[in-house]
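1. quick check, what structure comes out for this input:
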Amino acid sequence: MSRIGYTREKLNNDASPAPHRGMAQAALHKIESNGRFIKVMAALMNLCQDNVEGGRLQIQGTDLTKDGHKVFLSGANLAWFTREISVTTSTSKSEVGWRGISESCTKPEETHNPPTLPVSYTDFVLLLGLWLHIEGETTPKFDSDGYVTGLDNGGTLVGDLKEMLTYAAQHDVIVFITLWKGAISQCKHYRLNGLSRDTAKLQSYIDHALVPMVKELKDLPGLGGWDLMNEPEGELIPRTHNYDPCFDTSGLSGPGWAGTLYSYQEILRFLNWQAAAIKDVDPHAMVSVGAWNARSDTDQFGNHNHFTDECLIKAGGRRQGTMSFYQFHSYAWHGRFDSTSPFKHSANEYRLDKPIEIGAFRQRGSEGMTIRQMFEHAYSSYAGAWSWQANEDS
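-> Model (predicted):
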């Protein structure tokens, strides 16, 4: 998965001419009128004349900042659309393609034609699609015993990613790369299962794939950060008592739709080790995980926050292995948001000590809100909003 977005800067400036009200408004217009555009999480600080090469994203309390300015990260998810995803970025003058980054066992009903995803801003149109490992279908490279021996079979993935990130930076876009997906369990899940349960196998991934990849990409201005896993609760074992509230799921219903496979301790260890490895190489890296629901990410409303620094370190033992910001998803069920949905609350009501991103939502999964209304609600108090998904109409 890849994520694209735009900064908050100048969105507030009502005096600016309509075409220059910031990329977030351009994105809102395109989402509303076309329903298709991209998630790459992005900070476009001062319109197209400025370059993303200034400073990196930073955390200041519950805000994300860049070059000293508070920013709002706005965009959309681009998920699966073909068995072998081709990541293509194009302009009216040139076209550069990236191939072979992706999943290989997508179900037929999940396969679509590659979409055209216009983001209107001066004279360029940017198209990008990317899932990285998912469940380990095509990357990283595994041996017959389930240990990781490299990043990919052909040795071309790093070069592809560098090319993509360089191109993104030239257009003032930064990219978040999602490594794994917990919301599905398909033909190659046994590979991800090995990494989740066996720490020796997980360490082999860190040593032979993750760390080399981070070393190669960390200094590229087009890289925004790392989204470690999409909805790990899809494979969480619910309603299981543990004396430690970090790992207790006895009061948690909803997770496990893709299989009741892992305890919270196993999931948090999996995340903790990878986050620590990334930060050991790149101490200023942004790292997140896309929680299925706000219920996993707050102590408010009768819930427990399982993704705190304390819980992650307790599970994995690596002090660097924490999240830079909180990110949770929200969809209506039978036409209604649940009581913890970010579309029912402002960000400060969760009483969290880090920025909050609404990491997945869509117009068709709302209580009748338009996509513009959803982005505007997010903009009023959250640090960012990334809709789902770019290759759907809404």
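
2. what's the average pLDDT for stretch 312-321?
-> For stretch 312-321, mean pLDDT is 98.

3. can you pull out the helices in this structure?
-> Assigned by DSSP state H, the helices in the chain fall at 23-34, 157-170, 189-197, 199-205, 211-217, 264-281, 309-316, 371-381.

4. pipe those into a markdown table and attach mean neighbour count and distance to residue 253 per row.
-> C-beta here means a position set from N, CA and C on the backbone, and glycine is covered the same way. Shown next, in a markdown table, are these (neighbours: other C-beta atoms under 10 Å; distance: least, C-beta to C-beta, whole Å):
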| stretch | mean neighbour count | distance to residue 253 |
| --- | --- | --- |
| helix 23-34 | 21 | 32 |
| helix 157-170 | 19 | 38 |
| helix 189-197 | 20 | 22 |
| helix 199-205 | 18 | 29 |
| helix 211-217 | 18 | 36 |
| helix 264-281 | 23 | 14 |
| helix 309-316 | 19 | 20 |
| helix 371-381 | 18 | 25 |
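
5. what would those helices look like in a markdown table with distance to residue 353?
-> Shown next, in a markdown table, are the helices of the chain (distance: least, C-beta to C-beta, whole Å):
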| stretch | distance to residue 353 |
| --- | --- |
| helix 23-34 | 25 |
| helix 157-170 | 30 |
| helix 189-197 | 28 |
| helix 199-205 | 28 |
| helix 211-217 | 26 |
| helix 264-281 | 17 |
| helix 309-316 | 9 |
| helix 371-381 | 15 |
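
6. nearest to residue 244, of the ones you listed?
-> Residue 244 lies closest to helix 309-316 among the helices of the chain, at 7.3 Å (C-beta to C-beta).

7. give me the residues contacting the closest one.
-> For helix 309-316, the surrounding residues in contact (C-beta atoms under 8 Å, 6 or more residues apart in numbering) are 244, 246-247, 264-273, 275-276, 305, 319, 321-323.

8. if we use 6 Å, what do you get?
-> With C-beta atoms under 6 Å, 6 or more residues apart in numbering as the test, helix 309-316 has contacts from 246, 265, 268, 269, 272, 273, 319, 321, 322.

9. could you do stretch 204-221 as well?
-> 52-53, 140, 147-151, 158, 165, 169, 195, 223, 277-278, 281-282.

10. span of that stretch from start to end?
-> End-to-end distance for stretch 204-221: 28 Å, by C-alpha to C-alpha, to the nearest Å.

11. re earlier: can you tell me which of the contacts of helix 309-316 is nearest residue 374?
-> residue 322 (28.6 Å).

12. what's the neighbour count on that closest one?
-> 21 (other C-beta atoms under 10 Å).

13. then the one 10 residues further on?
-> Residue 332 is flanked by 18 other residues according to other C-beta under 10 Å.

14. how near is it to residue 173?
-> Counting by C-beta to C-beta, to the nearest Å, the separation of residue 332 from residue 173 is 30 Å.

15. re the thing from before, closest one to residue 341 among the helices of the chain?
-> The closest of the helices of the chain to residue 341 is helix 371-381. By C-beta to C-beta, the value is 10.4 Å.

16. could you dump the closest one to PDB, C-alpha only?
-> Coordinates of each C-alpha in helix 371-381 appear next as PDB, following Å, rounded to 0.1, in the frame of the first residue of the first chain:
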ATOM      1  CA  ILE A 371     -16.400  12.600   1.500                       C
ATOM      2  CA  ARG A 372     -15.900  16.300   1.600                       C
ATOM      3  CA  GLN A 373     -17.700  16.500   5.000                       C
ATOM      4  CA  MET A 374     -15.600  13.600   6.300                       C
ATOM      5  CA  PHE A 375     -12.300  15.400   5.300                       C
ATOM      6  CA  GLU A 376     -13.500  18.600   6.800                       C
ATOM      7  CA  HIS A 377     -14.400  17.000  10.000                       C
ATOM      8  CA  ALA A 378     -11.000  15.400  10.200                       C
ATOM      9  CA  TYR A 379      -9.300  18.700   9.400                       C
ATOM     10  CA  SER A 380     -11.000  20.400  12.300                       C
ATOM     11  CA  SER A 381      -9.000  18.500  14.900                       C
END
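
17. now that helix: how far from the chain's centre is it?
-> Taking C-alpha atoms, centre = their mean, to the nearest Å, the mean C-alpha location of helix 371-381 is offset from the chain mean by 18 Å.

18. ok, now stretch 159-174?
-> With C-alpha atoms, centre = their mean, you get 17 Å for stretch 159-174.
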